[in-house]
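# Sequence and predicted structure are below.
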Amino acid sequence: MAAVEKIFNDTITDRETQDKTLKWVGTRAPRPDGVDKVTGRAKFGADTYLPNMLYGKVLRSPHAHARIRSIDMSRALALPGVKAGVTRDDFPDYPAGAVQPAGEMVINYRDMTRNIMAREKALYEGHAVAAVAAVNERVARQALSLIEVDYEVLPHVIDVEEAMKPGAPLVREDLITEGVEPAPEEPSNIAKRVEFGHGDLDLGFSKADVIIERSFKTQPVHQGYIEPHACLASFSEDGQAELWCSTQGHYVARGHCAKLLQMDVSKLRVTCSEIGGGFGGKTVVYLEPLALALSRKACQPVKMVMTRDEVFRASGPTSGASMDVRIGATKDGRITAGEAVLKFQAGAFGGSPVPAAAQCAFAPYDLDNVKTIGFDVLCNRPKVAAYRAPGAPLGEYAVESVVDELAKTLEIDPLEFRLKNAAKEGSDSSYGPKFGPIGCVETLETAQNHDHYLSTLKPGQGRGVASGYWFNIGGQTSATLNLCEDGSVALVVGTPDIGGSRASLTMMAAESLGVELDKVRPLIGDTSALGYNMLTGGSRVTFAGGIAVHGAAEDMIKQLRERAAATWDVPIDDVEWHGGQAVAVNGYKDQEDPMGLLDIAKDMAKSGGPIVGRCSTNAQGAGPSFGCHIVDVDVDKETGKVSVARYTVIQDAGKAVHPSYVEGQYQGGAVQGIGWALNEEYIYDENGKVENAGFLDYRVPVCSDVPMIDTVIVEVPNPTHPYGVRGVGETPLVPPLAAISNAVENALDIRFTELPMSPPRVLAAIESVG
Amino acid sequence: MRYEVPETKGEAVSLLAMAEGGGRVLAGGTDLLVQLRSGMVKPDVVVDIKKIVETREITAENGGFRVGAAVTGAELDEHKALKKLWPGVVEAVELIGSTQIQGRASMGGNLCNASPAADTVPALIAAGAQCHIAGPDGERTLPVEEFCTGPGVTNLQTGEFLVSFTLPSRPPHSGDAYLRFIPRTEMDIAVVGVGVSLSLDSNGICVAARVGLGAVAATALLVAEAADALIGTSVDEGAIENMISAIRSACRPIDDKRGTIVYRTQVSGVLAGRACRIALQRAEQS
Ligand SMILES: Cc1cc2nc3c(=O)[nH]c(=O)nc-3n(C[C@H](O)[C@H](O)[C@H](O)COP(=O)(O)OP(=O)(O)OC[C@H]3O[C@@H](n4cnc5c(N)ncnc54)[C@H](O)[C@@H]3O)c2cc1C
């Protein structure tokens, strides 16, 4: 332990915070979860065990699209060791209108109940059709092979353009497009049309000296979290249940499960495990309701863990898209109009992130005339789930590619071109609201002056830049600070820690209370510990959680002052809280010895009982975050292989509470973007089955594929947050696709309009231009 | 499923013979364990050969080396003399997997798994390596290029297993090299792999050459035409171009998730040229 303390002290003295009034916020303090993670003590989704636990397994559709005529479980249930089985008959149906916003996505219970367990039809290969619980995994697997499902195989459709064509196989036979006036009479795969913008496009384009129009296509990609979905459910005979799972939001999971199992929310207690990555993909439920339903039937705990194959076939990737973008500019580099039409794969149910993509696509620019139209299109793939800045990387890929081409055509430096058109405080955003203080210009200027941008390229290399934007969100959040009898403090929050929130929330709590950091111990409470908490997503936790923790600290400080005032018998207004102590002021100045946390805690019982600081809030005023990436690539012209030689991420954090974690977020986004841009794609065979459901052939980057990613944290404070925090988790994945594509263009003089830029595609393009 | 750890070749052979095809040899297990877990293979008995001394030794023999079938990648990497004589073979072994995999994976397992994309096989073919096989009818020897007969299928008969390889001696001014193409930098399966071995006379004329080609046909190939394009030349760019053409015409790839026919054919030539230039440089320096 001495070693750990030493690390603690070393890193704390290596303080880099510019703001001398802050003691903890802005330092690189040790992570509270670090030792448990490096020693293997941390418990992930699959690490919880209970006595008499059963193992659940899911039977999945082998067809991309098939009507389910019947399911016969009798032989499976007769197998010795099988304790329960569930099918569509064990879950309630909900009407089409049962929608509810959740995080960055909208939840529709008609669809959710069908996604966790196929009803009329299996809608994608890997769609759950039945599940069993047995004494061990081997028996459970054997039982699956005994389930008899009678399928009527139907024609399927995967590609978004194909799915939009009249006469395409209908994923849902009665789907009438939303957002079109008058409503179409014929059903189609188009679930929804959205439109954003302002100004007059025709007028804008008429003022342009140059207009560039391009069409882009991308493949769906998976979030690629290392930890597969996993949970353990235990239902008791009296209708109460417990659930342990790897999730981005245990309160949200509780709500979904209670709805799908038709039980009171209060009767289900959910505990989140440590999470091995989510990136948006663990904001929904897959196994959890099945494990609960099996446990309810078997009256025994049921554990379920997906294989990697199941993760790829049955959990939500983000959309693939077809996108058309047209942008016009004057000779001196002012954009006069921008237009984008985005068509997104939603998977088997509506709800692709196309609205967000349409809103973000032109967000880095201050435009008079702009319009984006989005289509949410069903196809026979797993329903998409959120993936860091859902949708934004795609829209921005298309727009930032065309912006790059415009700058090149006009012979203006690409950063200069962006600066001439950059969104600023007071700009009307392309999707409606006026921007408050934002750091778009600051990130571009930082890029311009960065050593990377000023350095000379090696022969054959290319350099690209791109901007990116994400809104960030706030939302319902609760936090509690419990004063312990020795003066230390237990912080309870209700948002799973994915990106270091235990560290940042603890730092803000210690800062606001004015106490030593190692006196505050953070814990993520289960759903019975606190009021409601929205999930960890939308880059919201350090922002909204920070507001809650600061609020809880203020609540506690008020009580501490009251106790000191009572002890000293002075009016409360004559007691202030400074540097972690209650101090008598005004007429009582210097008359009483200040009281610290320990002094007040040890006499808590006498002065009024336990001291608990609480805050429950619906945090508003999230600060949007802009980023700008610079990337250099090498292209092997004989094999078409693109390698990233240098990469710099510049992004506005508002305030980096823990710079190392912020840098980690920047680097992680860049790495995921490199995979998306260069190699990641699902490969489907002619029957709509995934051919590469594993990390061998679904190629996320390995360590040696990426250089050390350089980062610059820009800080334009968010005025609505006590420490200026914006939220940083998602914007880092927005610029990479375009930045890398622009770099490849710069190296080869070939504009790629399709992702991934995998070696065969790049070589074919090189050869086609001779 | 039974797990057996025989200590002699004879015991291993009788265990495998008794299993009548239901037996599987275990070397490093980096292929076999994956296949067991995914349910691809369901053997009655797993015969771990790592306690059989002959499968675990590297011994000098007639100016070359005898290498046990279960010797690990990490051990080969640490064997300086072997690496000096056959750098291309060792670099092919080192490409397998990662540090963790290297501590287990063997050349024998790589060959016996009979993947058309196995990395060591083109390099072993180029090196002219021989396989020593033990079986119920005694021992026999087979050139590496004849060992695999199709994807996942080998020439081994029931009861037989691979004991060791011999890597021959070689004259001065010889060099070999192996290159593969993968979309990533590691942890991937070769889209194409090429091994080239050549010997020069004192005037720099190529007197012997062998070229092995992987991942572009049902089994790794020995491409005699590619070698012929080099023999008798000074391995100038013209000769290399001819060798590249021979390689491309020898390709019989399939379109699959790892590469298209056109791409594989094109890149096999590119890699063959690059591997040849490295082998030439090594030959000139030795
Ligand atoms: C993460 C990972 C990365 C990998 N990367 C690569 C790579 O880059 N390139 C590559 O080529 N391969 C790769 N592989 C595959 C594998 O590691 C290699 O093929 C390795 O050489 C197999 O050796 P082994 O000793 O582990 O074989 P094992 O798994 O023990 O055996 C493989 C097969 O051969 C049989 N067998 C083994 N030895 C004998 C014998 N002496 N006689 C008869 N039959 C035998 C076994 O029964 C089994 O069917 C990778 C595997 C993993 C898990």
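Structure's in. What do you need?

# Please make it C-alpha for all contacts and neighbour counts, starting now.
OK.

# Tell me the secondary structure at A:V58.
In three-state terms, and counting by DSSP: H, G, I helix; E, B strand; the rest coil, A:V58 is strand.

# ok, now which ones touch the residue in chain A positioned nearest to the ligand?
Nearest residue of chain A to the ligand (CA to the nearest ligand atom) works out as A:L696 at 8.2 Å. Shown here is A:L696, whose contacts under the criterion CA atoms under 8 Å, 6 or more residues apart in numbering or on different chains are B:M187, B:D188, B:I189.

# For chain B, which segments count as strands?
Ranges of strands within chain B are B:2-4, B:23-26, B:45-48, B:58-61, B:64-68, B:130-135, B:138-143, B:148-150, B:153-154, B:161-167, B:174-181, B:192-200, B:206-214, B:221-222, based on DSSP state E.

# Go ahead and name everything in contact with the second one.
Counting by CA under 8 Å, 6+ apart, strand B:23-26 makes contact with B:L15, B:L16, B:L32, B:P43, B:D44, B:V45, B:V46, B:V47, B:D48, B:I49, B:K50, B:F161, all of which sit outside it.

# ditto for the last one
Counting by CA under 8 Å, 6+ apart, strand B:221-222 makes contact with B:P122, B:I125, B:A126, B:E145, B:R210, B:V211, B:G212, B:L213, B:G214, all of which sit outside it.

# make it 10 Å
Residues outside strand B:221-222 that contact it (CA atoms under 10 Å, 6 or more residues apart in numbering or on different chains): B:116, B:121-122, B:125-126, B:128, B:144-146, B:148, B:194-195, B:210-215, B:250-251.

# strands paired with it, and their directions?
Within its sheet, strand B:221-222 is paired with strand B:206-214 (antiparallel), according to DSSP bridges.

# which residues of the chain score low on pLDDT?
Assuming you mean chain A. Segments of chain A classed as low confidence (criterion: pLDDT under 70) are A:1-20, A:101-105.

# nope, chain B please
Across chain B (using pLDDT under 70), nothing gets flagged, so there are no ranges to list.

# Get me the contact residues on it for the ligand.
Where proximity means CA under 6 Å from any ligand atom, the interface of chain B facing the ligand comprises B:24-32, B:69-70, B:95-97, B:104-110, B:112-113, B:118-119, B:161-163, B:187-189.

# Do a quick rundown of the helices in chain B.
B:9-18, B:32-37, B:73-78, B:80-85, B:87-94, B:99-102, B:107-112, B:120-127, B:224-230, B:237-250, B:261-285 (DSSP state H).

# hey, which of these is tucked in deepest?
When neighbours are counted by mean count of other CA atoms under 10 Å in any protein chain shown, the highest per-stretch mean among these falls to helix B:120-127, a mean of 32.

# elements contacting that helix?
Packed against helix B:120-127 by the contact rule (3 or more CA pairs under 10 Å, 6 or more residues apart in numbering or on different chains; DSSP states H and E) you find helix B:87-94, helix B:107-112, strand B:161-167, strand B:174-181, strand B:192-200, strand B:206-214, strand B:221-222.

# Could you check the angle that helix makes with strand B:130-135?
120 degrees (axes from the mean of the first three to the mean of the last three CA atoms, to 10 degrees).

# if we can go back for a sec, could you measure from the residue of chain A closest to the ligand over to A:R308?
Between A:L696 and A:R308 the distance is 11 Å, computed by CA to CA, to the nearest Å.

# cool, A:N718 as well?
Using CA to CA, one gets 40 Å for the distance from A:N718 to A:R308.

# okay, those two: which has more neighbours?
Neighbours of A:N718 and A:R308, each counted by other CA atoms under 10 Å in any protein chain shown, are more numerous for A:N718; the result is 25 against 18.

# List the residues that contact that one.
Residues counted as contacts of A:N718 (CA under 10 Å, 6+ apart) are A:436-439, A:543, A:621-625, A:653-655, A:724-727.

# and if you look at A:E730?
A:279-280, A:387-390, A:392-393, A:468-472, A:537-540, A:625, A:665-666, A:668-669.

# And chain B, split by domain according to the record?
Using automatic domain parsing, the domains assigned to chain B come out as B:49-167, B:174-285.

# can you tell me the distance between the two ends of the first one?
This means domain B:49-167. The stretch domain B:49-167 measures 21 Å between its terminal residues, going by CA to CA.

# next one: stretch A:365-382
When the termini of stretch A:365-382 are compared using CA to CA, they are 34 Å apart.

# Spatially, and excluding backbone neighbours, which residue is closest to residue 36.
Going with chain A. Setting aside the residues directly before and after it, A:D36 is nearest to A:A42 in space (CA to CA, 6 or more residues apart in numbering or on different chains), at 4.9 Å.

# You answered for a different chain; I wanted chain B.
Among residues not flanking B:L36 along the chain, B:K42 sits closest, at 6.5 Å (CA to CA, 6+ apart).

# Now do the helices in the stretch 1-150 of chain A.
With helices called from DSSP state H, counting those that start in this stretch, the stretch 1-150 of chain A shows them at A:2-13, A:34-39, A:74-78, A:109-116, A:137-144.

# Good, wrapping up.
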